Each structure stands twice: as C-alpha cells, then as structure tokens.
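Asks: Quick check, what structure comes out for this input:
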Amino acid sequence: MNRSLKKPAGAGTTTTPEPAPGQKILIIISTDRLSTGNDTLGRKLLVNFIGTLKEMGPELWGLVLVNAGVKLAVAGSEVLASLQELEKDRVMVLVCGMSQSPSAPGTEAGGRDHEHVGYRHSHAVCG
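Replies: Below you'll find the model as predicted:
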C-alpha cells in the first residue's frame, strides 16, 4: 500500500512506499550535524530530524550512534529528551563504546569527559 503526500496544485504527487509487513528500520547516525558548511544550521537540521523519528512508528526498532553521533547522548544534548522518548517507545538506542574510548580519533579528551545518559554501550556495533 502506498500513501500519497499532498503538494500544491500543479506540483503533482509524491509516493512513499510503505514498509513490507514485518520489515523494520534501523538508523545509524555518525555525526552531530547534517550537511556541511553551516554548522549551526547542520545541528538544527539533525535536531529536527531526530524529533521526527517517532513518526516512523513501530517499524523503527533501532538507533545506533557512532563517531561524533555519540555526542547526541550526553547530558545537556538538545536531543536527549527525544532519544529518551524513543526508548520509552521501545526503540533500541545503542551508543558506540569505541567512539568514547581513549584511543578513539576525533573525540575530546579521548571521549572520557562525556557521560552518556542511560544508553547501552556496544563495542560490537563499531568494530
């Protein structure tokens, strides 16, 4: 079954396929912003994206945060409440443990200064 999205007159219709029965969605986020160039805009885009994930419904079963994406799960993150709401809705949220290890490239102070709030850390997810 397809659902059609309404567009202004003359713009036609866009068809978004429904997932097949039993098909699930897993999202991997490897950054703390979307796009490049304007970091402020990129962060706002990602905040909005995460805020809309609940609209995916029960097909969304997992969210994996790796690399700079682990910053989204720290205390004070703009999206922390949204991540916690997803978990309440039975979405599995995994934070890559390697991204916070002392040898992880690109992490502040080896990632040791970040406290991830209430999420499972998984080295298996990141290699």
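
Asks: ranges for the strands of the chain?
Replies: Using DSSP state E, the strands of the chain run over 2-5, 14-17, 25-29, 60-65, 92-96, 120-122.

Asks: quick one: average pLDDT of the second one?
Replies: Mean pLDDT, computed over strand 14-17, is 60.

Asks: and what of the last one?
Replies: Throughout strand 120-122, pLDDT has a mean value of 52.

Asks: what does the fourth one give?
Replies: Confidence over strand 60-65 (mean pLDDT, whole number) is 94.

Asks: Pull out the buried residues from that strand.
Replies: Applying a neighbour-count criterion of 16 or more other Cβ atoms under 10 Å, one finds Leu60, Leu63, Val64, Leu65 buried in strand 60-65. Glycine gets a C-beta too; all of them are placed from N, C-alpha and C.

Asks: how about that strand as PDB, C-alpha atoms only?
Replies: The C-alpha coordinates for strand 60-65 follow below in PDB (Å, rounded to 0.1, in the frame of the first residue of the first chain):
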ATOM      1  CA  LEU A  60      11.700   2.000  13.700                       C
ATOM      2  CA  TRP A  61      13.300  -0.500  16.100                       C
ATOM      3  CA  GLY A  62      16.900   0.800  16.400                       C
ATOM      4  CA  LEU A  63      19.100   3.800  16.500                       C
ATOM      5  CA  VAL A  64      22.900   3.500  16.600                       C
ATOM      6  CA  LEU A  65      25.100   6.400  17.500                       C
END
